[in-house]
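[1] Let me see the structure of the following:
(one chain, ligands or ions: 1)
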Amino acid sequence: MTLYGGMTLSGAASKRKKASSFTHEEATTARPALLLDWYDRHRRRLPWRPLAGERADPYSVWLSEIMLQQTGVKTVGPYFEKFMARWPDVAALGRASLDDVLRMWAGLGYYSRARNLHACAVAVRRDHGGVFPDTEEGLRALPGVGPYTAAAIAAIAFGRRTMPVDGNIERVVSRLFAVEEPLPQAKPLIQQLAATLLGPTRGGDVKSRAGDSAQALMDLGSSICTPKKPACALCPLNDGCAARMRGDQEVFPRKAPKKSGELRCGAAFVVTRGGELLVRTRPEKGLLGGMTEVPNSSWLAAQEDKAALTQAPVLKGVARWHRKAGVVTHVFTHFPLQLIVYTANVPARTRAPEGMRWVAIATLRDEALPNVMRKVIAHGFGE
Ligand code: SF4
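    Prediction:
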């Protein structure tokens, strides 16, 4: 656990001083209050965030946190509003069908989140009477609620004294303390350091403004301590920030070199029958589980074009496949994918092969189509 040129946290703290009104120790002690004071003046207005002094609704916090995993605030906003309008509480979402939830989620990506969201709503409705558990432990037992989400809901909705650490908080904390250890190994250390930014408990009260402290750090990371060119002059924690003193803020958080997955290749088949498109549903388990797709081949590293084409659906009326120029590329978390797109038109009354179905092109927006399939269809239609 190295900090700031190999010193331990306490060593670094005792040896560093800054030419300012605060000693390092004072700056460190003052941080929780400075952070809350800044938050009270600069907190972002977000659709899921109540006004200052109002209590956060656990359902809104949970829904937004699941949507915000791997997705930005701007993209999430309209989806959050749509979900809240259709399913205003967790019990309503727990009564919805998985298909409806997947359809509403379409376009947001990382679809396992939507399946977990539905499973969690069902569990809260069935096992907890439609009320979220109010402890980190109870929350973690719910489907799709990991340590970060449990801590976020516990702190923000229930005032539990815990610090959820997301990417923004990792950046702020790793700079504040100049954490030299790379991610992901540095996560436990960053978690420990982030907890020092929580305000003290008052008279043994386990509840606190932990939710505000966490949201303050999230806001600080997104608006001031940005990945490039952080606005340190405006930062409430700039006194005693180790990275700022060294002048190398942008190197933090350190990251272990990424191993990118091997490119996988395949083919996709865009078959039309008048105003209809041939589709099928992916298996419930696995990548893009339960989503709609056009027929396509296996996705394999170094798969030859011919081998992918042999996996085309067998349809009466397809004499030959028309290969569209170019390819569709898509990057999943663990691998990039490249698909050749073939098209064909079949006569009216051509039957769909087993396990497939025709859907009206005009109603495609109602299908739970993942982004990769939206790209394939657009490419096949020549858009
Ligand atoms: S002083 Fe700069 S680098 Fe340090 S936490 Fe604030 S914005 Fe980030």
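[2] Where in this structure is the helix or strand with the lowest mean pLDDT?
    When each helix and strand of the chain is scored by mean pLDDT, DSSP states H and E, helix 9-15 comes last, with a mean of 37.
[3] tell me the mean pLDDT for the helix or strand just after that helix?
    Following helix 9-15 in sequence order, the next helix or strand is helix 24-42 (DSSP states H and E). For helix 24-42, mean pLDDT rounds to 84.
[4] I'd like to know which elements the next helix or strand after helix 24-42 is packed against.
    Later in the chain than helix 24-42, the nearest helix or strand by DSSP H and E is helix 58-68. Helices and strands touching helix 58-68, by 3 or more CB pairs under 8 Å, 6 or more residues apart in numbering; DSSP states H and E, are helix 73-86, helix 90-95, helix 112-127, helix 147-158. Glycine gets a C-beta too; all of them are placed from N, C-alpha and C.
[5] how near is Pro188 to Gly317?
    Shown here: Pro188 relative to Gly317, a distance of 60 Å by CB to CB, to the nearest Å.
[6] With Ser298 instead?
    Taking CB to CB, one finds Ser298 at 25 Å from Gly317.
[7] try Arg246
    Computed as CB to CB, the Arg246 to Gly317 distance reads 69 Å.
[8] follow-up on the earlier one: so for the ligand, which of the helices and strands packed on helix 58-68 sits nearest?
    helix 73-86 (18.8 Å; CB to the nearest ligand atom).
[9] Can you tell me what sits against the closest one?
    Contacts to helix 73-86, defined as CB atoms under 8 Å, 6 or more residues apart in numbering, come from residues 46-48, 60, 63-64, 67-68, 92-93, 96, 104-105, 108, 222.
[10] ok, 6 Å please
    With CB atoms under 6 Å, 6 or more residues apart in numbering as the test, helix 73-86 has contacts from Pro47, Trp48, Ser64, Met67, Leu68, Leu108.
[11] Tell me which residue of the stretch 51-200 of the chain lies closest to the ligand.
    Arg175 (3.9 Å).
[12] Give me the three-state assignment for that residue.
    Assigned by DSSP: H, G, I helix; E, B strand; the rest coil, the conformation of Arg175 is helix.
[13] What sits closest to it if chain neighbours are left out?
    Closest residue in space to Arg175, ignoring its immediate chain neighbours: Ala243 at 3.8 Å, by CB to CB, 6 or more residues apart in numbering.
[14] The one you found reaches Gln249, doesn't it?
    Yes. Contact status for Ala243 versus Gln249: in contact at 4.4 Å, counting by CB atoms under 6 Å.
[15] roughly how far out does stretch 44-56 sit from the chain middle?
    Here the centre of stretch 44-56 is set off from its chain's centre by 20 Å, with CA atoms, centre = their mean, to the nearest Å.
[16] typed the wrong thing, it's stretch 148-166
    Counting by CA atoms, centre = their mean, stretch 148-166 comes out at 16 Å from the chain centroid.
[17] what do you get for stretch 178-196?
    With CA atoms, centre = their mean, you get 20 Å for stretch 178-196.
[18] Straight-line length of it, end to end?
    Stretch 178-196 has an end-to-end distance of 15 Å (CA to CA, to the nearest Å).
[19] now stretch 350-357
    11 Å.
[20] circling back: tell me which of the helices and strands packed on helix 58-68 is the most buried.
    Ranked by mean neighbour count, the helices and strands packed on helix 58-68 are led by helix 147-158 with a mean of 24 (mean count of other CB atoms under 10 Å).
[21] Pull the residues that contact that helix.
    Helix 147-158 is contacted by residues 56, 58, 61-62, 65, 134, 136, 139-140, 160, 162, 164, 210-211, 214 when judged by CB under 6 Å, 6+ apart.
[22] One more: stretch 243-257?
    By CB under 6 Å, 6+ apart, stretch 243-257 touches Glu170, Arg171, Ser174, Arg175, Ala178, Pro182, Leu183, Pro230, Cys232, Asn238.
[23] What does the last one show for phi and psi?
    Here is the backbone geometry of Asn238 (degrees, to the nearest 10): phi -70, psi -20.
[24] Could you find the closest non-adjacent residue to it?
    That would be Cys232: by CB to CB, 6+ apart, it lies 5.1 Å from Asn238.
[25] can you check the second one too?
    Here the nearest residue to Arg171 in space, its sequence neighbours aside, is Gly221; by CB to CB, 6+ apart that works out to 5.2 Å.
[26] That neighbour contacts Val172, correct?
    Yes. Using CB under 6 Å, Gly221 makes contact with Val172 at a distance of 4.8 Å.
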